[in-house]
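**Q** Give me coordinates for this.
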Amino acid sequence: MRPGTIVQAALALVLVSTVSGQPAFAEDGKAQAAPKAYVLSEIAPRDREVYIEYLRNVLPIIERHGGRVVVNPFEPKVLIEGRPLEGNLAMIEFPSAEARDAFWNSPEYQPWKARREASATSRIIHIN
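**A** Model prediction:
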């Protein structure tokens, strides 16, 4: 491994540790993977009432899959750099990528996903 690659890998582990709240290194000094997974979303609703209905109905589904909202879409955000946000930003934490994917693909979420897609412009990012 090239020296620059080692530094990049170490920085990535520190970032994972910071975001996940999990230590990046085990007690024996070996790197360990963070088990948590995230959904980062930016949703720009065209119909605010439909968006609020979406959130009210999707939150219990998220919770049933072990997820929790760590960045609330209604909390103020301060843009420091880059292009302006186009919608409401939220981050949802799941105990694992499997739990996140089970939520995302669940039959109970699919009608709400379709409703969101029909009434909002969204950017959804899965982070492992």
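**Q** mind listing the helices for the chain?
**A** Under the criterion DSSP state H, the chain contains helices at 3-20, 48-64, 97-105, 110-119.
**Q** what bridges to the residue most central in space within the chain?
**A** With distances taken as CA atoms, centre = their mean, the residue of the chain nearest its centroid is residue 39 (2.2 Å). Judged by DSSP bridges, the bridge partners of residue 39 are residue 92, residue 126.
**Q** Look up how far residue 90 lies from it.
**A** 8 Å (CB to CB, to the nearest Å). Just so you know, the C-beta spots here come from the backbone N, C-alpha and C atoms, and that holds for glycine as well.
**Q** For residue 61, which residues are in contact?
**A** Under the criterion of CB atoms under 8 Å, 6 or more residues apart in numbering, the neighbours of residue 61 are 103, 106, 108, 109, 112.
**Q** ugh, typo on my part, it should be residue 97
**A** Counting by CB under 8 Å, 6+ apart, residue 97 makes contact with 37, 126, 128.
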